[in-house]
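> here is a sequence with its predicted model. Questions after.
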Amino acid sequence: MKNIWAIAKKDLKGYFLTPIGYLVITVFVGLISWMFCASVIDFLKRSQMMRQFGQMAEMNLNAMVMQPVLGNMAVIFLLMGSLITMRLIAEERKMHTLELLFTSPLRSYEIVLGKYLAGLLFFIVMLSPTLFFPLMLKFFGNPDLRQIAAGYLGVLLLGGSFIALGLFISALTENQITAAAVTFGLFLFFWIISWLTGSTNGGAASTLVSYISIIDHLSNFIRGLIDTRDLIYYFSFIFFGLFLTHQAIESHRWR
C-alpha cells in the first residue's frame, strides 16, 4: 500500500505542475456552476408561477435542480475525462521513465493501482466544489440529501469506470494526443450504445445493449435508486479496465 500511495501522490502532484490540471478543474466547475444557477433560476420562476395557482406541492428540488446538474456532470466528464488519463502512463513511456519503475522494487499491479488512484483523486477534487450546491439548497429549501448522495455516488462510479478505461488506453501508446482521442472515442461508444436499442426488436439483444450502456446505469443513481446490478456493472467495468492495464504493462515489461 505504501508503494501505491507513493505513485498516486507523485502523479496527483503532476496534475498541478502544469496548467492543464487547473484548466480542467476551472472549466468543469465553471460550467457546472453556470448550469446549477440556471436550474435554480428556472425553478424559482416556475415556483412563482405555480404559487399563483396553488400547485407548489408539485415542485421538487431534486427533480428540477440536482438531477439535471448531476446528469450534466457526467456529460462534461465525457468531454473532459480523457484529459485526466491521457498522460498517466503515456508520458512515462515517452520519457522512458516506465523502465525505471520496472527496475525499482515495484510490482505491476502497484503501478496500475497507484496511477488509477491518482486519476480518481483528481476527479474527486474536481467534484468537491460542487458539494456546495446541495448544501445551499438545504439552507434555502428541503431537498432529499440521500437521493443527492446516491447521485454523487453514481457520478463517482461512472468517473472511476472511465478513468480505468482511459488508463488502459494510456498504457498502449506513448502519444498523449492519441491516448486522449481513442479514450474519448471509447467513452462516447459506451455512452451512445443505448441508442441502438431503438433499432432492435427487443428481446435479449435489446437487454444486452441496454446493460452495456454506461449512462443507463447512472440514471438509476441520479433518481436515488442504488441497484445491485448497477454496482456490479461499474465495479466490473473498473476491474476489467485495471486488469487490461496490468496486462499491457506486463507485456511492456517483458519486451
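Yep, it's here. Note that the coordinates shown come from a computational prediction; the quantities given were computed from them, not determined experimentally.
> ok, and the closest non-adjacent residue to Ser194?
Ser213 (3.5 Å; CB to CB, 6 or more residues apart in numbering). (Each C-beta comes from the backbone N, C-alpha and C, glycine too.)
> what is the neighbour count of that neighbour?
Look at Ser213: counted by other CB atoms under 10 Å, it has 21 neighbours.
> now do the phi/psi pair for it.
Dihedral pair for Ser213: phi -60, psi 120, per degrees, to the nearest 10.
> so it is in contact with Phe189, correct?
No. Using CB atoms under 8 Å, Ser213 makes no contact with Phe189, being 9.9 Å away.
> quick one: the residue nearest to Ser194 and Gly71, what's the gap?
Counting by CB to CB, to the nearest Å, the separation of Ser213 from Gly71 is 14 Å.
> coming back round to it: do you know how far the residue nearest to Ser194 is from Ser219?
Per CB to CB, Ser213 is found 10 Å from Ser219.
> and for Lys138, the neighbour number?
Residues near Lys138, counting by other CB under 10 Å, number 13.
> nearest spatial neighbour of it, skipping sequence neighbours?
Leu145 (6.6 Å).
> now do Glu92
Leu98 (4.0 Å).
> pretty sure the one you found sits against His252.
Yes. Using CB under 8 Å, Leu98 is in contact with His252, at 6.8 Å.
> quick one: the strands in the stretch 151-255 of the chain?
Using DSSP state E, counting those that start in this stretch, the stretch 151-255 of the chain contains no strands.
> any weak-confidence spans in the stretch 101-250 of the chain?
For the stretch 101-250 of the chain, the stretches flagged by pLDDT under 70 are 195-207.
> ranges for the helices of it?
Ranges of helices within the stretch 101-250 of the chain are 108-127, 132-140, 145-170, 176-192, 203-212, 214-222, 228-253, based on DSSP state H, counting those that start in this stretch.
> for the chain, longest helix please?
helix 19-53 (DSSP state H).
> ok, the most centrally placed residue in the chain - contacts?
In the chain, the centroid-proximal residue (CA atoms, centre = their mean) is Gly159; its distance is 1.6 Å. Contact partners of Gly159, counting by CB atoms under 8 Å, 6 or more residues apart in numbering, are Phe77, Gly81, Leu120, Phe123, Leu127.
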